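**Student:** Structure, please.
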Amino acid sequence: MTTTTTLVPTASTGWRGTATLQPGRLAFTGDVGTTEPHAHAALQILVVAAGTVELADAHRTRRRVRAAIIPPRARHTVYGSPGARAGMLYLDPAGGAGRHLLTALTGPHRDRVDGWVAAAHALLPAARGAAGTVLDLAAMDPAALSRRWTAPAAGPRHPALRQALESLPGLLAGPVRLTDLAGVVGLSASRLGHLFAAELALPFPAYLRWARLRRAAELARDGADLTRAAHGAGFADSSHLTRVCHEMFGLAPSHLLPIVRAPSGHT
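**Tutor:** Model (predicted):
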């Protein structure tokens with residue numbers, strides 16, 4: 001199912017555009033503002049279409065970027081100048097495209113902005129131009145890029161982890177303990193936790209927060225207000241949802257969730 005979200009433009013953030021929520025990915029295209037420092041569980045592809053966008057990493061390095069691939073849990077801040085526009089793709093690390101890119105982002109510079117830019121130049125086809133070539137990144141469709149990566153890297157290799165990921169959406173309305181999920185798939189909690197870290201590069205709690213945020217977006221799309229979306233996704237309350245949204249996107253959920261709409265023609 002595809003969901004289209006029009007972000008509320010605000011003077012405080014400068015974000016405005018269209019977001020599409022699909023299984024395994026969240027894509028945004030539009031005006032880029034500024035975020036708080038954050039680290040999401042998804043793998044992010046950023047392609048700047050116009051204006052100036054800067055990224056800052058946890059080492060206080062800040063630089064202008066044309067494209068970047070930011071791995072999960074890499075703390076960063078986005079700074080968009082007035083008129084800046086970009087496409088952003090957030091890939092679930094359990095999906096084929098996300099897993100493909102994770103394998104290329106395991107080096108010592110995975111938490112540095114220079115490493116994110118280098119990864120984009122190495123992995124985004126249009127970024128391979130000869131020195132001095134003007135990169136036509138504005139014409140690139142991040143979602144189309146990810147589709148070509150889906151085939152070579154399937155989902156998680158371990159069948160118990162695949163089963164756990166399939167079971168998780170049905171459990172999100174309530175508390176989800178790693179011990180309980182491990183029992184469902186017939187593993188110890190420590191073994192399942194190791195599989196999350198080894199195959200998805202995420203501890204289980206971080207993946208669970210990402211899954212809850214996606215569920216909250218789905219509920220908002222279907223008409224839930226912030227409080228009902230929070231409860232339906234398993235957050236303790238709307239304050240809990242707000243805190244996690246700030247942690248993962250550097251923005252309040254009031255900028256992302258309340259105006260979720262079904263795409264044209266969706267019933």
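
**Student:** Show me what the stretch of helix or strand residue 213 belongs to is packed against.
**Tutor:** Per DSSP states H and E, residue 213 falls inside helix 204-221. Packing partners of helix 204-221 (3 or more C-beta pairs under 8 Å, 6 or more residues apart in numbering; DSSP states H and E): strand 3-6, strand 16-22, helix 189-200, helix 226-232, helix 238-249, strand 260-261. In this view, the C-beta of every residue, glycine as well, is placed from N, C-alpha and C.

**Student:** could I get the ones you listed as TSV with distance to residue 102?
**Tutor:** Formatted as TSV, the helices and strands packed on helix 204-221 follow (distance: least, C-beta to C-beta, whole Å):
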stretch	distance to residue 102
strand 3-6	25
strand 16-22	19
helix 189-200	8
helix 226-232	29
helix 238-249	17
strand 260-261	28
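
**Student:** among the ones you listed, which is nearest residue 100?
**Tutor:** Nearest to residue 100, of all the helices and strands packed on helix 204-221, is helix 189-200, at 12.6 Å by C-beta to C-beta.

**Student:** avg pLDDT for that closest one?
**Tutor:** Mean per-residue pLDDT for helix 189-200: 92.

**Student:** next one: stretch 104-114
**Tutor:** 82.

**Student:** how many neighbours does residue 206 have?
**Tutor:** 21 (other C-beta atoms under 10 Å).

**Student:** Surely it is in contact with residue 93?
**Tutor:** No. Here residue 206 lies out of contact with residue 93, judged by C-beta atoms under 8 Å, at a distance of 9.5 Å.

**Student:** Now do the strands in the stretch 1-150 of the chain.
**Tutor:** 3-6, 16-22, 25-31, 43-50, 53-57, 62-64, 67-70, 76-80, 85-91 (DSSP state E, counting those that start in this stretch).

**Student:** Give me the common contacts of residue 206 and residue 93.
**Tutor:** 41, 72 (C-beta atoms under 8 Å, 6 or more residues apart in numbering).

**Student:** For residue 34, see how far away residue 110 is.
**Tutor:** The spacing between residue 110 and residue 34, counted by C-beta to C-beta, to the nearest Å, is 23 Å.

**Student:** what do you get for residue 77?
**Tutor:** On the measure of C-beta to C-beta, residue 77 and residue 34 end up 8 Å apart.

**Student:** Also residue 218?
**Tutor:** 27 Å.

**Student:** Comparing those two, which residue is more hemmed in?
**Tutor:** Counting neighbours by other C-beta under 10 Å for residue 218 and for residue 34 shows that residue 218 has the greater number, 20 against 17.

**Student:** That one reaches residue 23, doesn't it?
**Tutor:** No. Using C-beta under 8 Å, residue 218 is not in contact with residue 23; the gap is 10.5 Å.

**Student:** OK, contacts around residue 214?
**Tutor:** 21, 26.

**Student:** Please report the distance of it from residue 107.
**Tutor:** To residue 107, residue 214 is 28 Å away according to C-beta to C-beta.

**Student:** Return the residues in contact with residue 216.
**Tutor:** Here residue 216 is in contact with 229, 230, 232, 233, 235, 241, 253, 257 (criterion: C-beta under 8 Å, 6+ apart).

**Student:** where are the low-confidence patches of the chain?
**Tutor:** Low-confidence segments of the chain, defined by pLDDT under 70: 1-13, 125-156, 257-267.

**Student:** Now do the helix or strand containing residue 181 against helix 204-221, angle only.
**Tutor:** Secondary structure from DSSP H and E places residue 181 in helix 178-185. Per axes from the mean of the first three to the mean of the last three C-alpha atoms, to 10 degrees, the angle that helix 178-185 makes with helix 204-221 is 80 degrees.

**Student:** can you give me the angle helix 178-185 makes with helix 189-200?
**Tutor:** 90 degrees.

**Student:** Quick check on the closest residue to residue 14 other than its chain neighbours: phi, psi?
**Tutor:** Once flanking residues are discounted, residue 14 sits nearest to residue 33: 2.7 Å by C-beta to C-beta, 6 or more residues apart in numbering. Backbone geometry at residue 33, expressed as degrees, to the nearest 10, gives phi -110, psi -150.
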